[in-house]
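K.L.:
Just the structure for this:
(4 chains)
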There are 2 protein chains.
Amino acid sequence: MNLAAIQMPLSPLFSGITDSEVRRMLACFRAAPKTYNRNDFVFRVGESVNEILIILSGKLLVTQEDMWGNRRILESLTAGQTFGESYACLNDEVLNVSVIAAEKTQVLFVDINHLLEVCANTCETHMRLIHNLTGCIARQNINLTRKINHITKKNTREKLLSFLTDEAGKCGSATFDIAFNRQQLADYLAVDRSAMSAELSKLQKEGILTYSQNHFTLLVQAEDMV
Amino acid sequence: MNLAAIQMPLSPLFSGITDSEVRRMLACFRAAPKTYNRNDFVFRVGESVNEILIILSGKLLVTQEDMWGNRRILESLTAGQTFGESYACLNDEVLNVSVIAAEKTQVLFVDINHLLEVCANTCETHMRLIHNLTGCIARQNINLTRKINHITKKNTREKLLSFLTDEAGKCGSATFDIAFNRQQLADYLAVDRSAMSAELSKLQKEGILTYSQNHFTLLVQAEDMV
DNA sequence: GTTCAAATGTTGTAATTCCAACAGACACGT
DNA sequence: ACGTGTCTGTTGGAATTACAACATTTGAAC
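P.N.:
Alright, predicted model coming up:
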């Protein structure tokens, strides 16, 4: 597979960098394209990772097996998304998840050391790429922190309100749409779906919010929620 | 306050960089020292952050107010620790926590753009520093992911076992010490302390583990915990 | 419109957790 | 030895949640 022939996906990693510059750098980094078939393992728990993986096409699943061998899907990644940044940056950390191809998937491996270290001709684009990489990891960080803030609330009602007021804040409006369906939201907040549905309709009955499908409106200010 | 007069703390950000090189770079970045008194606000919720803060001496508290105005301490930071990396890397993110001085505290502000962007004479040490910064953010990331894996287990027993087997794995032994006392562990796992104590002693009665204070021993393999 | 599958809402019961209150163990200073 | 405070373990009742089973709504296909 020839690097030049590959269609580059939109990716936050390449934000602000032209397609031709991306290609030039990837060639400089000796990026390695690879194709996986459905159910192939891309990474396995316990492996050490030194490359960032960029999805060119297809779909990967980030999975984890719990102590009883039940496989759980943590995340689904598609074209333009990356995997392994955080692990690749740390030599002493091994994967505690596995990555499996959900369908035929084309990926690109970029060695983190090529990416992070000065090459002979350090260029502005290279610095931009490092900037982007750090930004991607930082964003994950903030999203994880946000999630923990919601999850650590002590009951379903508070988890929901924490999440919804946060979404309203991000959107800058008391009316907003959420990106999850009920089951996904329940998984995200680590609660039971049906119990969450019940709590949502209770909140609506009490006049605290209104919703229909993924469209929500908060009716009271945060301070008034006593 | 003169930069040259300041004693530099040990910090993962400066790992592998000599004290004199650190000073040279900080001067190049125009790092700004500042002193806060007890209860002074260092950052407030909603502010935009463009600098990394490095603690030289003293202690800061990362706090959050919930919807009812209850202040909660999320983290306590001391000499050598940093704050704001993730926020500083992202221009469009504002703080959702506040930072308050717990005592008289000396800090250093380093502009993220000075740190991440090429200066006229890009040097190897500068690249090392960027490398370290990215590694720090990546490590936070992995720690947060780990925590979420524990918290999202559905009951106290599974949270405990998830955490303890993880610790055993990190330590490479079924016998290990943990860094938390009971209250801290309960906060970390987002459960009630007394309920957690009860569950721990139940696990001990059932012969699944042994403990005394912060010293734990797992007695069965993960696969056998049915 | 009808049909069907998937998503969402509702309800009751069993299980779990929270909370408060208290008891024992331990370290510290006097 | 004696208090004192902190940490940890124990217990019972109130509150909350998980789970299963079923009802209703929605949207897409025909």
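
K.L.:
Summarise which helices and strands the worst-scoring helix or strand of chain A on mean pLDDT is packed against.
P.N.:
In chain A, no helix or strand scores lower on mean pLDDT, DSSP states H and E than strand A:71-78, which sits at a mean of 81. With contacts taken as 3 or more Cβ pairs under 8 Å, 6 or more residues apart in numbering or on different chains; DSSP states H and E, strand A:71-78 sits against strand A:59-65. In this view, the C-beta of every residue, glycine as well, is placed from N, C-alpha and C.

K.L.:
how about the strand it packs on: buried residues?
P.N.:
Using 16 or more other Cβ atoms under 10 Å in any protein chain shown as the test for burial, strand A:59-65 gives A:Lys59, A:Leu60, A:Leu61, A:Val62, A:Thr63, A:Gln64.

K.L.:
Next: stretch A:147-159.
P.N.:
Here stretch A:147-159 shows A:Lys147, A:Asn149, A:His150, A:Ile151, A:Thr152, A:Lys153, A:Thr156, A:Arg157, A:Glu158, A:Lys159 as buried, counting by 16+ other Cβ under 10 Å.

K.L.:
Using JSON lines, lay out the residues you listed together with distance to DNA strand C, pLDDT and secondary structure.
P.N.:
Formatted as JSON lines, the buried residues of stretch A:147-159 follow (distance: Cβ to the nearest atom of the strand, whole Å; pLDDT from 0 to 100; DSSP: H, G, I helix; E, B strand; the rest coil):
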{"residue": "A:Lys147", "distance to DNA strand C": "17", "pLDDT": "93", "secondary structure": "helix"}
{"residue": "A:Asn149", "distance to DNA strand C": "16", "pLDDT": "92", "secondary structure": "helix"}
{"residue": "A:His150", "distance to DNA strand C": "15", "pLDDT": "93", "secondary structure": "helix"}
{"residue": "A:Ile151", "distance to DNA strand C": "11", "pLDDT": "94", "secondary structure": "helix"}
{"residue": "A:Thr152", "distance to DNA strand C": "10", "pLDDT": "92", "secondary structure": "coil"}
{"residue": "A:Lys153", "distance to DNA strand C": "10", "pLDDT": "91", "secondary structure": "coil"}
{"residue": "A:Thr156", "distance to DNA strand C": "11", "pLDDT": "94", "secondary structure": "helix"}
{"residue": "A:Arg157", "distance to DNA strand C": "12", "pLDDT": "94", "secondary structure": "helix"}
{"residue": "A:Glu158", "distance to DNA strand C": "10", "pLDDT": "92", "secondary structure": "helix"}
{"residue": "A:Lys159", "distance to DNA strand C": "12", "pLDDT": "94", "secondary structure": "helix"}
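
K.L.:
Can you tell me which of those is nearest chain B?
P.N.:
Of all the buried residues of stretch A:147-159, the one with the least separation from chain B (Cβ to the nearest Cβ) is A:Thr152, at 4.4 Å.

K.L.:
No further queries at this time; thank you.
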